[in-house]
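Novice: Need a 3D model of the following:
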Amino acid sequence: MKFYHIKDDFIAFLHQFDSKVSDNKNESRPYVGVVLEVAGIKYYAPFSSPKPKHKKMKNGKDFRKINNGIYGAINFNNMIPVVDTVLIEIDIANIADIKYRRLLQNQYNYIRADESAILRTAENLRNMIFKNEKDISEHDKIIKQRCCNLPLLEKKYCEYKK
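Specialist: Have a look, this model is predicted:
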């Protein structure tokens, strides 16, 4: 499992169809995330930097803490389909900011150990998002509302691939 940034033009492309697609913060500190394959499609799941609130939060259907929140979290609600050409691999060893490099190393080590649970979370969330509204609970409807529109984004991602 590797860490990636996503090219701004791809983020902008998807954002025009779904406003929940998070901006890349003008490349000042672009999002860092992992790529997971779900249903034959590569998905980028971005991280959230560590915040005090993460330690109090519980893992959920669209959120997973990294080492109990000490190293941040994975925001599955912001998960988007990606093509290889928009991925920018992060070389952690070449990060100049020592404190940031250490955080990325710690995130990487923890995520490698939690890989199967992370993939399961992504699969379960995608499956739930693709279900008809009448077939999911009220709680899942709320979760679905805060997630990116994966059915639409997958169609647009296929157009982008061509």
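
Novice: Geometrically speaking, which residue is the centre of this structure?
Specialist: In the chain, the residue lying closest to the centroid (Cα atoms, centre = their mean) is Ala45, at 1.4 Å.

Novice: Phi first, then psi, for it.
Specialist: Main-chain dihedrals, Ala45, degrees, to the nearest 10: phi -110, psi 110.

Novice: who's in contact with it?
Specialist: Gly33, Val34, Val35, Leu36, Ile74, Asn75, Phe76, Asn78, Met79, Ile118, Ala122 (Cβ atoms under 8 Å, 6 or more residues apart in numbering). For every residue, glycine as well, the C-beta is placed using N, CA and C.

Novice: Show me which of those residues is closest to Glu138.
Specialist: Phe76 (19.5 Å; Cβ to Cβ).

Novice: what sits against the closest residue to the closest one other than its chain neighbours?
Specialist: Of all residues not flanking Phe76 in the chain, Asp62 sits nearest, at 4.5 Å (Cβ to Cβ, 6 or more residues apart in numbering). Listed by Cβ under 8 Å, 6+ apart, the contact set of Asp62 reads Asn75, Phe76, Asn77, Leu125, Ile143, Arg146, Cys147.

Novice: Can I get the helix or strand of the chain with the lowest mean pLDDT in CSV? Just the C-alpha atoms.
Specialist: Using mean pLDDT, DSSP states H and E, helix 52-56 stands out as the lowest-scoring helix or strand of the chain, at a mean of 84. The C-alpha trace of helix 52-56 is given here as CSV (Å, rounded to 0.1, in the frame of the first residue of the first chain):
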residue,chain,number,x,y,z
PRO,A,52,-8.0,15.9,19.2
LYS,A,53,-11.5,14.9,18.2
HIS,A,54,-10.3,11.8,16.4
LYS,A,55,-9.3,10.2,19.7
LYS,A,56,-12.9,10.5,20.9
